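Colleague: Coordinates for the following, if possible.
(3 chains)
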Amino acid sequence: MPELAEVEFFRKQWDPGLGQKVVTVQLHPRKRIFRGTDPRKIVESLPGRRFLRSYARGKRMLFEFTGGNWIGLHLGMTGKLRTEPAGFRPEKHDHFVLQQTRQALVFRDARLFGRVRFHQGKSEPAWWRLGGPEIASAQFDRHFLDAFLNRHSRAPIKAVVLMQDGFSGIGNWMADEILWRAGIEPSVRAGELSARHRARLLRETRFVASEALRVIGPAFADPPPDWLIHQKWKRAGVCPRHKSRLRKGTLGGRTTAWCPLCQKK
DNA sequence: ACCCCTGTTCGGCG
DNA sequence: CCGCCGAACAGGGG
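Modeller: Take a look at the predicted model:
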């Protein structure tokens, strides 16, 4: 589920807890979402701390608490954040819950591909600094894109658009949406993209990211009806422009839909 | 029953 | 050594 805009939506679901203390932490310490971190430290450190603010970068989120306590969250395939009334009893897949006086902040993740990290220190954790530039930032420009495409010149462009170091926050549906709008056939090797296609790739990546944030970020509304996403999961999906059948295949290990009329090598 | 999956990581291999 | 690809992870839904 979660790419850039959905991540931003879920980040805000914990806003009702801002400024308030964590009373208790409920978690399942053996679950895979805690791989690489010691969940007992979270249970020991977070109670009594106030939730100060949160950040989103691509598909990653960071939650800051007083006393230099930081929680990093990644939603994986099926992670969701929500708020429940005080006294909430965690259900089967609610693996990480921060109980506050007035509400409970809940991380649910059925498939456990998501991840919870913990950091203590005055400033942000080192792993938060890593990763590619935000698509909305000035650093995501023609120069950066050229270098990234050339570094992965032998990979199909679809696989490259899914790489988080270059296309921060882009996931499978946004990648197909971008390539369809840019008129690029998804199996083309990144290094073989023409200057014209590179310019369109940059423009449409920015467009799809900003539009998705605008439409989905605040309320999880549907993208406009003429977007490819509404067609790509249908068995008989059609190109929104030509109304002809989309082609389906696997690229970069992921299901891919494209329109042979719109998208060329 | 069986197949599919909006993500990431890791081992194999060219 | 670099980098791509498929498998694995785990569970719910069609």
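Colleague: all helices for chain A, in order.
Modeller: A:4-12, A:39-45, A:126-129, A:142-151, A:157-161, A:172-182, A:195-216, A:229-232 (DSSP state H).
Colleague: can you tell which of those helices is closest to DNA strand B?
Modeller: helix A:172-182 (3.3 Å; Cβ to the nearest atom of the strand). Bear in mind the C-beta positions are built from the backbone N, C-alpha and C, glycine included.
Colleague: Is that closest one in proximity to DNA strand B?
Modeller: Yes. On the criterion Cβ under 7 Å from any atom of the strand, helix A:172-182 is in touch with DNA strand B at A:Asn172, A:Trp173.
Colleague: what residues are up against A:Pro218?
Modeller: Neighbouring residues of A:Pro218 by Cβ atoms under 8 Å, 6 or more residues apart in numbering: A:Phe9, A:Lys12.
Colleague: Can you report phi and psi for it?
Modeller: The phi and psi values for A:Pro218, taken as degrees, to the nearest 10, are phi -70, psi -40.
Colleague: so what's it scoring on pLDDT?
Modeller: Predicted confidence (pLDDT) at A:Pro218: the value is 77.
Colleague: ok, it to DNA strand B distance?
Modeller: 16 Å (Cβ to the nearest atom of the strand, to the nearest Å).
Colleague: contacting residues for A:Lys122?
Modeller: By Cβ under 8 Å, 6+ apart, the residues touching A:Lys122 are A:Gly68.
Colleague: Among the helices of chain A, which comes closest to DNA strand C?
Modeller: helix A:157-161 (4.7 Å).
Colleague: in the closest one, what's buried?
Modeller: By 16 or more other Cβ atoms under 10 Å, the buried positions in helix A:157-161 come out as A:Ile157, A:Lys158, A:Ala159, A:Val160, A:Val161.
Colleague: these two touch, right, A:Val116 and A:Gly36?
Modeller: No. Counting by Cβ atoms under 8 Å, A:Val116 stays clear of A:Gly36, with 9.4 Å between them.
Colleague: Those two: which is more packed in?
Modeller: Set side by side, A:Val116 and A:Gly36 show more neighbours around A:Val116, with 22 against 9, by other Cβ atoms under 10 Å.
Colleague: Just give me the neighbour total for the residue lying closest to that one once chain neighbours are set aside.
Modeller: Distances taken as Cβ to Cβ, 6 or more residues apart in numbering put A:Ile33 closest to A:Val116, at 5.1 Å, once the chain neighbours are dropped. A:Ile33 has 24 neighbours, counted by other Cβ under 10 Å.
Colleague: so what pLDDT did A:Ile33 get?
Modeller: 95.
Colleague: is it true that it touches A:Arg111?
Modeller: No. Here A:Ile33 does not reach A:Arg111: they are 9.9 Å apart, not a contact under Cβ under 8 Å.
Colleague: Give me the common contacts of those two.
Modeller: A:Gly76.
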